[in-house]
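Q: structure of the sequence below:
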Amino acid sequence: LRQLGSQINVEVEAGEAGGDPVETARRALKRAKDERFQALIVDSAGRLSIDEEMMAQAESLRSAVQPTETLLVLDSMTGQDAVTTAETFGTRLEPTGAILTKLDGDARGGAALSLVEAAGVPIIFASTGERIEDLEPFHPDRMASRILGMGDVLSLIEKAEAAISEEESEEMERKIREARFDLDDFLNQLQMLKQMGPLQNVLGMMPKIPGIGRITDQEIDEKQLVRVEAIIRSMTPQERSRPELINASRRKRIATGSGTQPQDVSRMLDQFAQMRKMLRSMAGGGVPGAGRRKARKARKALPKMKGF
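A: The predicted model follows:
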């Protein structure tokens, strides 16, 4: 808990091993009031299944700190056990909301429906990974869209906007339209893709393609992205800006520097040339910032569902 707090610059009042968690909570509450903190989060002990000791401790904590919100955190992979836990907590602790973790697959959307029905409370947050940025507000309409195979385009747009600024987006559009998109730009795009989270989660937000279905993480080798990055970083600045200069001897040198084979370098260059051509045709007639403006319009136009 201390390690997590240090990552996000949040003070942690942790008790000693074997100490009384209720006393630790009271001490944390007093410190929060004395130092005028805006909020206090009390993280109680967790279990894989319900037991009386855990329930009694949770009830004592609730009585000691009188929280304004009581959130039940459940692992969506536990299946029916999550529903049983929700029913028990709903009866004894009267939670005001829930947090669902490991919600990184469409099949687990059913757990969200069962949880809301069993506990009688809305899902406030959902987590699709183990990083801090993977904890996000839960949007029932987006989950329904994913279950129906329509993807989660709005979340994908939000992740993209967080990874790239509007100025960078407009500059990239100009480069693509003017055929100035080079391997340095491609490398920057790969870095931005990494900032959006695990590739399998990003692909999970994309809608199914007619006749093909959804691209899954099994069909995409994330290690290939690492190899591509290594190949580009083994090039000179001139080679990155003018890939056509790369002949057989240069391919061999780049392959040696990146730990790959010359044919891997040739394949990457061919794929880059095809991608640049495709991007150029897609950007034809576009205007700077058009993608972001369309994204904002899309968010306003989509109907909002009021929770399950």
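Q: now the stretch 1-150 of the chain, which segments are flagged as low pLDDT?
A: In the predicted model, the stretch 1-150 of the chain carries pLDDT under 70 at residues 47-50, 78-82, 104-113, 115, 141-150.
Q: now the helices for it?
A: 2-7, 21-34, 52-65, 80-92, 109-119, 140-147 (DSSP state H, counting those that start in this stretch).
Q: which one of these lies nearest to residue 72?
A: Closest approach to residue 72 among the helices of the stretch 1-150 of the chain (C-beta to C-beta): helix 80-92, 5.0 Å. All C-beta atoms are positioned from the backbone trio N, CA, C, and that covers glycine.
Q: packing partners for the closest one?
A: helix 52-65, strand 71-75, helix 109-119 (3 or more C-beta pairs under 8 Å, 6 or more residues apart in numbering; DSSP states H and E).
Q: in PDB, list the C-alpha atoms belonging to the lengthiest helix in the chain.
A: In terms of residue count, the longest helix belonging to the chain (DSSP state H) is helix 262-283. Extracted as PDB, the C-alpha positions of helix 262-283 are listed here (Å, rounded to 0.1, in the frame of the first residue of the first chain):
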ATOM      1  CA  PRO A 262      18.000  -8.500 -43.100                       C
ATOM      2  CA  GLN A 263      14.700 -10.000 -44.300                       C
ATOM      3  CA  ASP A 264      13.000  -8.700 -41.100                       C
ATOM      4  CA  VAL A 265      14.300  -5.200 -42.000                       C
ATOM      5  CA  SER A 266      13.000  -5.500 -45.600                       C
ATOM      6  CA  ARG A 267       9.600  -6.700 -44.300                       C
ATOM      7  CA  MET A 268       9.300  -3.800 -41.900                       C
ATOM      8  CA  LEU A 269      10.200  -1.300 -44.600                       C
ATOM      9  CA  ASP A 270       7.700  -2.800 -47.000                       C
ATOM     10  CA  GLN A 271       4.900  -2.700 -44.400                       C
ATOM     11  CA  PHE A 272       5.900   0.900 -43.500                       C
ATOM     12  CA  ALA A 273       5.700   1.900 -47.200                       C
ATOM     13  CA  GLN A 274       2.200   0.400 -47.500                       C
ATOM     14  CA  MET A 275       1.000   2.000 -44.300                       C
ATOM     15  CA  ARG A 276       2.300   5.400 -45.400                       C
ATOM     16  CA  LYS A 277       0.500   5.100 -48.700                       C
ATOM     17  CA  MET A 278      -2.700   4.100 -46.900                       C
ATOM     18  CA  LEU A 279      -2.500   7.000 -44.500                       C
ATOM     19  CA  ARG A 280      -1.900   9.400 -47.300                       C
ATOM     20  CA  SER A 281      -5.000   8.300 -49.100                       C
ATOM     21  CA  MET A 282      -7.100   8.400 -45.900                       C
ATOM     22  CA  ALA A 283      -5.800  11.900 -45.100                       C
END
